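In: Quick one: sequence and predicted model below, then my questions.
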Amino acid sequence: MTVDAHMHVGEFPLFDVRMDGPGLAATLARFDIDAGLVFCPENHLTRSAVEAVDAAYGLYWANPKMPGHLEEAEEYLGHPKFRGVKLHPLIDGYHPNDPIVHPLMELLVAKGLPALVHCGHPIFTLPWSIEELARSFPAATVVLGHMGHGNIVYINGAIDVAARNPNVYLETSGMPMHSKIKEGVERAGAHKVLYGSDAPFHDPSVEILKVRVSGLSDDLVERVLHTNSVEVFFGGVLPSSP
């Protein structure tokens, strides 16, 4: 059983990748994914995809610099298939702990929903910058997307941040070192590492294999691939398909 905590829909010409609703449905079926958390800067595309695909659930792409974002966030988070927010401070250009982010975090705390935050690139998405946000909102669940991405300094930093902050979790997509998945489990906690693929930017077969060859026991592989995301995004119970 697998839950994918990090998937995209939309067109991404810079990377020459794309995924629409039918492509998302095919990807979920091909890799036997029970639920995929999906997002896009164009939130209406996410909503269309999750309404069309039973196993797809949305994260609202929040840009705190945009007027009206909080009201829009409330609208989307009231949708039964939206399970949190995605923050990308690098693309949207703000510090993670800028006061403009705080009302959104207060909303998430009130709703008991997590924030998945892109992590691994200067200047705005280094793990220590996101840590400032997590410490400002200890009741919020903050997931470090890519757990530092491709730089070993940032990967180690992400694990450090998750290990010392009870409300910070790690998500595995695009992080190349399989051994660091095991280290994240050992140092941050067995419940704190979530599988993600970053599809269509990365192939789920590769991302799943990283977890399976990480050196974790079978029960911990199951936690990373499935159980932890069910707990973080669904409160421990994955909704039944209609």
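Out: It's in.
In: going forward, measure contacts between C-alpha atoms and count neighbours the same way
Out: OK.
In: pretty sure residue 38 contacts residue 57?
Out: Yes - with contact defined as Cα atoms under 8 Å, residue 38 reaches residue 57; the gap is 6.0 Å.
In: where does the chain have low pLDDT?
Out: Scanning the chain with the threshold set as pLDDT under 70 gives 241-242.
In: for the protein, what spans make up the strands?
Out: Assigned by DSSP state E, the chain shows strands spanning 2-8, 10-12, 17-19, 33-39, 56-61, 82-87, 115-118, 142-145, 168-171, 193-194.
In: looking at the ones you listed, which is buried most?
Out: Of all the strands of the chain, strand 193-194 has the most neighbours on average by mean count of other Cα atoms under 10 Å, namely a mean of 32.
In: mind listing what that one pairs with, with the direction of each?
Out: Neighbouring strands of strand 193-194 in its sheet, by DSSP bridges, are strand 168-171 (parallel).
In: what would the strands of the chain look like in CSV with distance to residue 202?
Out: Compiled in CSV, the strands of the chain are given as follows (distance: least, Cα to Cα, whole Å):
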stretch, distance to residue 202
strand 2-8, 9
strand 10-12, 13
strand 17-19, 10
strand 33-39, 14
strand 56-61, 18
strand 82-87, 18
strand 115-118, 15
strand 142-145, 14
strand 168-171, 14
strand 193-194, 16
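In: quick revisit: now the common contact residues for residue 38 and residue 57.
Out: The contact sets of residue 38 and residue 57 overlap at residue 50 (Cα atoms under 8 Å, 6 or more residues apart in numbering).
In: Distance check, residue 200 against residue 40.
Out: Distance of residue 200 to residue 40, computed by Cα to Cα, to the nearest Å: 12 Å.
In: Could you give me the buried positions within the lengthiest helix in the chain?
Out: As assigned by DSSP state H, the longest helix anywhere in the chain is helix 152-164. For helix 152-164, the neighbour count (16 or more other Cα atoms under 10 Å) marks 154-163 as buried.
In: now do stretch 65-77
Out: Buried residues in stretch 65-77, counted by 16+ other Cα under 10 Å: 70, 73, 76-77.
In: Let's check: the centremost residue of the chain is which one?
Out: residue 116 (4.1 Å; Cα atoms, centre = their mean).
In: quick one: contacts for that residue?
Out: Taking Cα under 8 Å, 6+ apart, we find residue 116 in contact with 84-87, 142-145.
In: picking that back up, mind listing the shared neighbours of residue 200 and residue 40?
Out: Both residue 200 and residue 40 are in contact with 8-9, where contact means Cα under 8 Å, 6+ apart.
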